[in-house]
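> sequence first, then the predicted structure:
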Amino acid sequence: MDSKVVWITGASTGIGKELAMEFSKAGCIVVVSARRKSRLVRVVSEIKFAEREASAFVCNVLSERSIQITAKRIREKYGNIDLLINNAGVTAFKSFMETKTFDYDLIMNTNLRGAFLCIKNVLPQMIRKKKGHIINVLSVAANTALENSSVYAASKAGLLAMSNCLREEVRRYNIKISNLLPGAVETPMWDSRSRQRYKNRMMNPEDIAKIAVQIFQQPKKVLIEDIVIKPSKGNI
Ligand SMILES: NC(=O)c1ccc[n+]([C@@H]2O[C@H](COP(=O)([O-])OP(=O)(O)OC[C@H]3O[C@@H](n4cnc5c(N)ncnc54)[C@H](OP(=O)(O)O)[C@@H]3O)[C@@H](O)[C@H]2O)c1
């Protein structure tokens, strides 16, 4: 995997940060993006301390312009994007009745539209080169009915459906699309009470990151399409 360029969105904390660490350990050049620059700088410093290559770009996936600029800068710096990981995501943990239009727009625009735009900005180059890989960090919510997650579930199910269709369109260019559906992972997405309460049941972000590396390391002829990863004691 030496010198493969991996762009990870939402890599300032949680699963995204651990994806950066694990892909770096696996020998990849890691590009991290998110809105909080100071956190990104910390991630890159940690990687560079281990004498590996990494870069940070502030990128808000709610903004098409921000995504376009980021994709362009990565290509200018490294020439290629071998793997895009659509990881940036938000949720609200509210019942349907409590969910406001603002929540709907934020969740759908971050999780679904944001991923759509990132894919749009890497795909032309992947098609030209006839290679590339896109991994979407979805959730078990994409295919499981959970309370207080209706719009989040819709955003993840939407991206699952979109990716499944896209996969059929890009197989002919040797482009792989993989969907990762994790159950509960202990990250800042959960409030501190839930993290404390379920700490022993939740998976660690490194667990998910290590599996993502394995997905990317498969032989050219092998594609892990969808993978569900749950806490061994089940959903929370
Ligand atoms: N934790 C779980 O139990 C769990 C389970 C299944 C799936 N997931 C999925 O895993 C992914 C990562 O979540 P996490 O659990 O690691 O939570 P997290 O620590 O809150 O990470 C979310 C990341 O998304 C970024 N982000 C949010 N809005 C953004 C925007 N508009 N533009 C760019 N980046 C944005 C955040 O960075 P900034 O705030 O710095 O922008 C942060 O780096 C999400 O897609 C989530 O749905 C999580």
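Ah, there it is. Numbers count the residues shown, from 1 in each chain.
> just the buried positions in stretch 94-112, please.
By neighbour count on 16 or more other Cβ atoms under 10 Å, the buried set for stretch 94-112 is K94, T99, D103, L106, I107, M108, N109, T110, N111, L112. Placement of C-beta: from N, CA and C, glycine included.
> err, stretch 34-50, not the other one
Of the residues in stretch 34-50, those buried (16+ other Cβ under 10 Å) are A34, R35, R39, L40, V43, V44, I47.
> pull the number of nearby residues for S3.
Residues within reach of S3, counting by other Cβ atoms under 10 Å, total 11.
> same check, this time on L84
26.
> in the strand or helix carrying A56, what counts as buried?
Following DSSP states H and E, one finds A56 within strand 54-58. By neighbour count on 16+ other Cβ under 10 Å, the buried set for strand 54-58 is A54, S55, A56, F57.
> where does R36 fall, phi/psi-wise?
Main-chain dihedrals, R36, degrees, to the nearest 10: phi -90, psi 100.
> tell me the pLDDT at it?
For R36, the pLDDT comes out at 98.
> now swap in D2 and tell me
D2 is assigned a predicted lDDT (pLDDT) of 62.
> quick one: stretch 3-22 to chain centroid distance?
8 Å (Cα atoms, centre = their mean, to the nearest Å).
> quote the end-to-end distance of that stretch.
In stretch 3-22, first residue to last residue: 14 Å (Cα to Cα, to the nearest Å).
> so the closest residue in space to T144 that isn't next to it in sequence versus V32, what's the distance?
Excluding the flanking residues, the one nearest T144 by Cβ to Cβ, 6 or more residues apart in numbering is N235, at 6.7 Å. N235 sits at a distance of 29 Å from V32 (criterion: Cβ to Cβ, to the nearest Å).
> got it, and V213?
In terms of Cβ to Cβ, V213 sits 15 Å off from V32.
> out of those two, which sits in the busier spot?
Taking other Cβ under 10 Å, V213 and V32 do not tie; V32 has more neighbours (29 against 18).
> then the longest strand seen in the chain to CSV, C-alphas only?
Longest strand in the chain, counting residues (DSSP state E): strand 175-182. Taking Å, rounded to 0.1, in the frame of the first residue of the first chain, the C-alpha atoms of strand 175-182 are listed here in CSV:
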residue,chain,number,x,y,z
ILE,A,175,-13.4,1.3,-9.3
LYS,A,176,-14.5,-0.3,-6.0
ILE,A,177,-17.2,1.0,-3.7
SER,A,178,-17.4,-0.4,-0.2
ASN,A,179,-20.0,0.3,2.5
LEU,A,180,-19.1,-0.1,6.2
LEU,A,181,-22.1,-0.4,8.6
PRO,A,182,-20.9,-0.1,12.2
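> partners of that strand, with directions?
Using DSSP bridges, the strands paired with strand 175-182 are strand 132-137 (parallel), strand 226-229 (parallel).
> spell out which parts of the protein neighbour the ligand.
9-16, 34-36, 39, 59-62, 87-90, 110, 137, 139, 182, 184-185, 187-189 (Cβ under 6 Å from any ligand atom).
> could you identify which of the strands paired with strand 175-182 is most buried?
Among the strands paired with strand 175-182, strand 132-137 has the highest mean neighbour count (mean count of other Cβ atoms under 10 Å), at a mean of 25.
> all set now, cheers.
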